[in-house]
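Asks: Let me see the structure of the following:
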Amino acid sequence: MATEETRAMLPGIFYRKPSPDEPPYKKEGDPVARGDVIGLIEVMKSFHEVCSEVDGTIIAFKIDNAEPITPGTIVAEVET
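Replies: Numbers count the residues shown, from 1 in each chain. Predicted structure coming up:
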């Protein structure tokens with residue numbers, strides 16, 4: 001099995017949930033398919049989806065909810 005990294009494409013604030021009162025898009029151990037939303041990046045009140053680029057299982061999120069990120073920051077690791 002290989003491990004792939006999903007990285008942030010923009011600077012901003014990373015959110016794992018669509019809104020504060022909803023569950024996270026994905027949790028560690030969840031299956032993920034290419035194109036599945038795993039989080040959001042907020043940039044100046046605009047939200048951009050962070051999607052998985054591979055099929056597999058999320059093994060770790062490398063950034064917590066509501067933390068600032070920069071482009072290239074590893075968001076999650078996926079076992080393929």
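Asks: Who does Phe14 form a beta bridge with?
Replies: Assessed by DSSP bridges, Phe14 has beta-bridge partners Ile41, Glu67.
Asks: shouldn't it be in contact with Asn65?
Replies: Yes - here Phe14 lies in contact with Asn65, judged by Cβ atoms under 8 Å, at a distance of 7.3 Å. For every residue, glycine as well, the C-beta is placed using N, CA and C.
Asks: If you count surrounding residues, which of those two has more?
Replies: Between Phe14 and Asn65, counting by other Cβ atoms under 10 Å, Phe14 is the more crowded of the two (23 against 13).
Asks: which residues does the more buried one contact?
Replies: Residues in contact with Phe14, defined by Cβ atoms under 8 Å, 6 or more residues apart in numbering, are 8, 39-41, 50, 63, 65-69, 73, 75.
Asks: same question, Glu49
Replies: Glu49 touches Val37, Gly39, Leu40, counting by Cβ under 8 Å, 6+ apart.
Asks: where's it relative to Glu42, distance?
Replies: Distance of Glu49 to Glu42, given as Cβ to Cβ, to the nearest Å: 11 Å.
Asks: again, but for Ser52
Replies: With Cβ to Cβ as the criterion, Ser52 and Glu42 are 19 Å apart.
Asks: So between these two, which is more surrounded?
Replies: Using other Cβ under 10 Å, the more surrounded residue of Ser52 and Glu42 is Ser52, with 22 against 15.
Asks: and Ile38, how many residues sit next to it?
Replies: Neighbour count for Ile38, taken as other Cβ under 10 Å: 22.
Asks: all strands of the protein, in order?
Replies: Applying DSSP state E to the chain gives strands spanning 3-7, 12-15, 31-32, 37-43, 46-51, 56-61, 67-69, 74-79.
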